[in-house]
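> Test case, fold it:
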Amino acid sequence: MLKYRKQPLFNTKNIDVKIMYKHLPPFKSLRAFESTARQMSFNLAAKELFVTQSAISHQIRLLEQFLGKKMFIRQGRILSLSSAGREYFPIVQRIFSSLDLASAKAMGQVSGATRLAVPSTFALKCLIPRLPEFRKLHPEIDLRLKMMTEMELDLDLLGVDCAISIRYENPLYNFTHLNSEDWFPICSPEIFQQFSQLPLTEAIQTYPLLEGEHQSEWYRLFTKLGISHSANQPIHYFSHIILLQQAAIEGQGLALSSKMLAADDIKAGRLVRIPIDLETTPDSFTHLYFCSTKDRQYDVSIVALKKWLKETFSQ
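Numbering: from 1, shown residues only. This next block holds a predicted model:
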């Protein structure tokens, strides 16, 4: 009978084996860290990942031991990220977001796009000029915009995943407040030169008023200033604030706008904010919200978009 010597298929004795990704921490620890850091809660992370709170704590300890750094600062019941955690979290979240989208595409379950409905005024004046910042920060998110009116707030009907709205009334949605703004009078530089030569009351009553979506605010402003509106003062109506603001730039009268909508035109010298002190009676009447369905509020792409909007447009 022939006898065969058992030998390994490959002789690795003299081969330099290189291990790729030798600094990757355990995946369970990364999931526990990402969920805890996103919600800033061990309890919520445990519920989201269907494990016990002690299991989350254990995975966080494993990650901290692996990295040799503390990821969280615990002060009683208050939890916050350490400096190392703040640096690590956005990187981990971006990797998870890319992996989630790639997996969804591979499974054929979603297109990978995040669809955002936006009021046209906000889109044109605020969001679109700043979109490159978001795309640079999150190149893995395929963000697609859809115009909406301020009265629309049906995400299914609009065919979107999330929206920016001034309304806050649908119990099916999760809302995050982004900004609240006062409105103030503006005019062209040419009108302002003439305007500044007259007493405030006379100047406001001299030039045509441009009115649109917020036409009642002129009367609220007049009440604040203790003056009455003259029946002979011309009023020009516009269906959209973009049209109204352009009319103000063209010197057709006085308009009302907010810092968010008029800031770029004021900075460029196309408009001037009429210096009326209303600080004694602040009256923010426009509120801006980010909303999504409650079952999608923890989607990585939506969380990232909400976080960026909050940081970019919060007051």
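> Helices of this protein, start to end?
27-39, 42-49, 53-67, 83-107, 120-122, 128-137, 155-158, 189-195, 200-206, 217-225, 241-249, 259-267, 300-313 (DSSP state H).
> closest to Ala231 out of the ones you listed?
Shortest distance between Ala231 and those, using C-beta to C-beta, is found for helix 200-206: 10.9 Å. Glycine gets a C-beta too; all of them are placed from N, C-alpha and C.
> Next one: Trp308 relative to Ile141, how far apart?
10 Å (C-beta to C-beta, to the nearest Å).
> circling back to that earlier point, can you add mean pLDDT and give the helices of the chain back as TSV?
Below are the helices of the chain laid out as TSV (pLDDT from 0 to 100):
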stretch	mean pLDDT
helix 27-39	94
helix 42-49	94
helix 53-67	96
helix 83-107	81
helix 120-122	83
helix 128-137	93
helix 155-158	76
helix 189-195	89
helix 200-206	79
helix 217-225	76
helix 241-249	89
helix 259-267	86
helix 300-313	90
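> JSON lines for those helices, including mean neighbour count and distance to Phe175?
Listed next are the helices of the chain as JSON lines, based on neighbours: other C-beta atoms under 10 Å; distance: least, C-beta to C-beta, whole Å:
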{"stretch": "helix 27-39", "mean neighbour count": "20", "distance to Phe175": "17"}
{"stretch": "helix 42-49", "mean neighbour count": "18", "distance to Phe175": "18"}
{"stretch": "helix 53-67", "mean neighbour count": "17", "distance to Phe175": "27"}
{"stretch": "helix 83-107", "mean neighbour count": "15", "distance to Phe175": "22"}
{"stretch": "helix 120-122", "mean neighbour count": "19", "distance to Phe175": "16"}
{"stretch": "helix 128-137", "mean neighbour count": "12", "distance to Phe175": "20"}
{"stretch": "helix 155-158", "mean neighbour count": "14", "distance to Phe175": "12"}
{"stretch": "helix 189-195", "mean neighbour count": "16", "distance to Phe175": "38"}
{"stretch": "helix 200-206", "mean neighbour count": "16", "distance to Phe175": "36"}
{"stretch": "helix 217-225", "mean neighbour count": "16", "distance to Phe175": "24"}
{"stretch": "helix 241-249", "mean neighbour count": "20", "distance to Phe175": "23"}
{"stretch": "helix 259-267", "mean neighbour count": "16", "distance to Phe175": "18"}
{"stretch": "helix 300-313", "mean neighbour count": "18", "distance to Phe175": "10"}
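> quick revisit: what is in contact with Trp308 and Ile141 at once?
Residues touching both Trp308 and Ile141 (C-beta atoms under 8 Å, 6 or more residues apart in numbering) are Phe134.
> Let me see the contact set for Ala102.
Under the criterion of C-beta under 8 Å, 6+ apart, Ala102 has no neighbours.
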